[in-house]
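A.B. asks: sequence-free structure coming up:
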């Protein structure tokens, strides 16, 4: 190489190397990363603190403050929701804008006493902020959180324990524990025992058709029902007659039935480890409990369970369907115009807006198929529809239809990637085409197929719009799988995390109060989808190691 | 045209065989008789049709769409293009080793018994016996006997190719087709495979396609030279390489064209 040529190459411009394009693509990536990180950051930063117990503040206002104080007086008690700066609305005498003001938003709770959950305070009006040591945070079945100072508890037998009593703390703990024990008992009686009696009664009324035997049996069941109902009523009476009396921060005394208390803690006396324990407890309650108060309180267990069962049903439907279709397209169909057209149609199907699938599912699965199933098998129950209304089966099938292109495309690619030599080797051994597919092609393309399936699952788990038409509900009375025969209830309506978020954020009576739940649920849904994807990656890597075809 | 060696009957008879890929004709009126239990080598420059002919012997070219053949090929007196013949049972009688070794992503054991498994043979004793016989036949037994249940993909390139030979002979075929079996192997592995070919010809009729003329001289009994889809010359290997009858053959083996 001559030296002249060498010099020449040194003087080339950046443009000649295409470096601006490298920067441009790096910028594109950086922007994309920024958006993903930003999205996750917002959700995590709003979702996690929901479970962390925050201190309760007592804000004393200066005399003459403008903002109304819930319940009257000049102090506000609650947790800080946000602190923001507010542009001063007026100009001073010189025409200068005044300095920005601080504004606090407090969650004051006690909705039953105040009528509102939130209060706004101008920073300028604040005289002092304290953390009262003795304040209790009480979680209730209704009206959300209460902040207050306990006065006494009144037991069902009329005995009272005053807050000044040295044994009060233990008595309160016992009081709440007993209330929750009674609540569980009532739940067992009403949900399980009475539920079973009701199911048997329904059966008898439909099948017995008024025969003597069925009348006797019905009478026996009625008697048992009455006994159980009386038991439940007695327990409920105790729940109501035992009360906790407390003073809300503005001085009024209120009493709370034992049955309405879920838990309590002294927010400002908690140490770090107690807070951490409470944090974990709150997360567990969120994951394991039923929702309360129009979904804005309590947990999301039915939604998690519904999402899980629906996604599993969808996978069971979509997997064989998609894999068989892809194998036919790739291995058997004569490649030509028609197959090309089918392939394009399948790819386009993946781009159809999901609500269109919802409409199709409603028209075809729910009304046509479900209606026909009702006519044939459940005519006894008509006009109440069994399968002729939205349900978890129809939702799963609708989503299966929506995600089948993903599985088909992934499977086709995986099948096409199986080396030709391997297929020929199998055929040369005297294997038939089907044997080759079954023993060589399918195992070798399994990683790709599973990747497709999990992508489909992730999409199905996060979908909302079509589900609203084919069976998702705000609050399902029972889970799609339970202890009652036939255990898996395909016709039942179900709850779903995606729909839950929509419902919390836009359909709840107090969307401000539901905001933390929206973020927590969103975080949960994202974690679920990430977990699904991680599983896919792990499975794929494992299988790829096993079936890798690096011959040389 | 060419007399087979005495005492070795013709086993594969190719009669005026032509083959087309779509509109392109790849083979022109091939006529040759391949004797039993000898090694027949096909040589010729790339694209001359030697692999195409080899792949027609077990109808591997059926897999390619839009192909057409004329003439006929007989194996042991039976036409393999007879519409009544079942391709699968034909392929069971003809083992094939490919240019690029193609072990299945299964254990060594499962690779070898694959031809038996697809034929419905699941008796443990038969399978075990086959694995030992085939691996010994492919001179791989000593290296593989302690790792039969490890993945075949963990073997070296030369071992994989011998594994493919073991698989090809597992079901005791009558014919063994080898499509450039050593082209991707190092010299030591090549020597091993060539020694193996010598051993195997006692039992099988072997047809081997090769680019390597030394290899053809070393291990074949007869050699056919192909050029542009035509069989130019077919004779005893010794004669082809020492005293070719055609000018084109001489030019090719002396490296004067290509």
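C.D. replies: In hand now; what should we look at? The shown structure was predicted, so the numbers you read here are calculated from the model rather than taken from an experiment.
A.B. asks: tell me, how many neighbours does the nearest residue to residue B:186 once chain neighbours are set aside end up with?
C.D. replies: The shortest distance from residue B:186 to any non-neighbouring residue, by CB to CB, 6 or more residues apart in numbering or on different chains, is to residue B:158 (6.7 Å). All C-beta spots, glycine's among them, are computed from the backbone N, C-alpha and C. Residues lying near residue B:158 (other CB atoms under 10 Å in any protein chain shown) number 21.
A.B. asks: on contacts alone, who are the packing partners of the helix or strand hosting residue B:158?
C.D. replies: Using DSSP states H and E, residue B:158 sits in helix B:157-168. Counting contacts by 3 or more CB pairs under 8 Å, 6 or more residues apart in numbering or on different chains; DSSP states H and E, helix B:157-168 is packed against helix A:420-428, strand B:94-97, helix B:108-118, helix B:124-137, helix B:141-144, strand B:175-179, helix B:187-200.
A.B. asks: can you give me the end-to-end distance of stretch B:146-166?
C.D. replies: For stretch B:146-166, the first-to-last residue distance is 16 Å (CA to CA, to the nearest Å).
A.B. asks: And the average pLDDT for stretch A:281-298 is what?
C.D. replies: On average, the pLDDT along stretch A:281-298 is 85.
A.B. asks: chain center to that stretch: distance?
C.D. replies: Once both centres are worked out by CA atoms, centre = their mean, to the nearest Å, stretch A:281-298 turns out to sit 10 Å from its chain's centre.
A.B. asks: Give me the contact list for that stretch.
C.D. replies: Stretch A:281-298 is touched from outside by A:50-53, A:141-144, A:299-304, A:474-475, A:500, A:503-504, A:508-510, A:513-514, A:517, A:520, A:524, with contacts defined as CB atoms under 8 Å, 6 or more residues apart in numbering or on different chains.
A.B. asks: Over to stretch A:159-170?
C.D. replies: A:149, A:150, A:151, A:152, A:153, A:154, A:155, A:171, A:172.
A.B. asks: On the three-state scheme, the first one is what?
C.D. replies: So that's residue A:149. With DSSP: H, G, I helix; E, B strand; the rest coil as the basis, residue A:149 sits in strand.
A.B. asks: so where do the helices sit in the stretch 401-550 of chain A?
C.D. replies: Assigned by DSSP state H, counting those that start in this stretch, the helices in the stretch 401-550 of chain A fall at A:420-428, A:433-436, A:442-462, A:465-470, A:497-502, A:511-547.
A.B. asks: Tabulate these in TSV, adding columns for mean neighbour count and distance to residue A:262.
C.D. replies: Shown next, in TSV, are the helices of the stretch 401-550 of chain A (neighbours: other CB atoms under 10 Å in any protein chain shown; distance: least, CB to CB, whole Å):
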stretch	mean neighbour count	distance to residue A:262
helix A:420-428	21	61
helix A:433-436	16	60
helix A:442-462	22	30
helix A:465-470	23	30
helix A:497-502	23	20
helix A:511-547	17	16
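A.B. asks: Residue B:224: which of those is closest?
C.D. replies: Taking CB to CB, helix A:420-428 is the member of the helices of the stretch 401-550 of chain A nearest to residue B:224, at 21.4 Å.
A.B. asks: Rounded mean pLDDT for that closest one, please.
C.D. replies: 90.
A.B. asks: List the residues that contact the nearest residue to residue A:387 once chain neighbours are set aside.
C.D. replies: Distances taken as CB to CB, 6+ apart put residue A:370 closest to residue A:387, at 4.0 Å, once the chain neighbours are dropped. Taking CB under 8 Å, 6+ apart, we find residue A:370 in contact with A:385, A:387, A:388, A:389, A:391, A:394.
A.B. asks: Give me the pLDDT for residue A:370.
C.D. replies: Taking residue A:370 on its own, its pLDDT is 90.
A.B. asks: Could you do residue A:208 as well?
C.D. replies: If you check residue A:208, the pLDDT there is 63.
A.B. asks: circling back to that earlier point, most tightly packed of the helices and strands packed on helix B:157-168?
C.D. replies: strand B:94-97 (a mean of 27; mean count of other CB atoms under 10 Å in any protein chain shown).
A.B. asks: Spatially, which two of the contacts of stretch A:159-170 are the most separated?
C.D. replies: A:149 and A:155 (19.8 Å).
A.B. asks: Quick check: residue A:342 touching residue A:329?
C.D. replies: Yes: look at residue A:342 against residue A:329 with CB atoms under 8 Å: they come within range, at 6.7 Å.
A.B. asks: So for these two, which residue has more residues nearby?
C.D. replies: Using other CB under 10 Å, the more surrounded residue of residue A:342 and residue A:329 is residue A:329, with 18 against 15.
A.B. asks: Correct me if wrong: the more buried one contacts residue A:338.
C.D. replies: No: if you go by CB under 8 Å, residue A:329 and residue A:338 don't touch, sitting 10.6 Å apart.
A.B. asks: which ones are touching whichever residue of the stretch 51-200 of chain A sits closest to chain B?
C.D. replies: Relative to chain B, the nearest point of the stretch 51-200 of chain A is residue A:51 (46.8 Å; CB to the nearest CB). Contacts for residue A:51 (CB under 8 Å, 6+ apart) come out as A:279, A:282, A:283, A:286, A:520.
A.B. asks: where does the closest residue to chain A within the stretch 151-258 of chain B sit relative to residue B:184, distance-wise?
C.D. replies: Here the residue of the stretch 151-258 of chain B nearest chain A is residue B:157; by CB to the nearest CB that distance is 5.1 Å. Residue B:157 sits 7 Å away from residue B:184, going by CB to CB, to the nearest Å.
A.B. asks: of those two, who's got more company?
C.D. replies: Between residue B:157 and residue B:184, residue B:184 has the larger neighbour count (other CB under 10 Å), namely 18 against 15.
A.B. asks: looking at this, residue B:225 is in a strand?
C.D. replies: Yes: counting by three-state DSSP, residue B:225 is part of a strand.
A.B. asks: Can you give me the neighbour number for it?
C.D. replies: Residue B:225 sits with 27 neighbouring residues when counted by other CB under 10 Å.
A.B. asks: Tell me who's in contact with it.
C.D. replies: B:43-44, B:231-234, B:240, B:244, B:246, B:248-249, B:252-253.
A.B. asks: For residue A:260, see how far away it is.
C.D. replies: Residue B:225 sits 99 Å away from residue A:260, going by CB to CB.
A.B. asks: Residue B:241 now?
C.D. replies: 103 Å.
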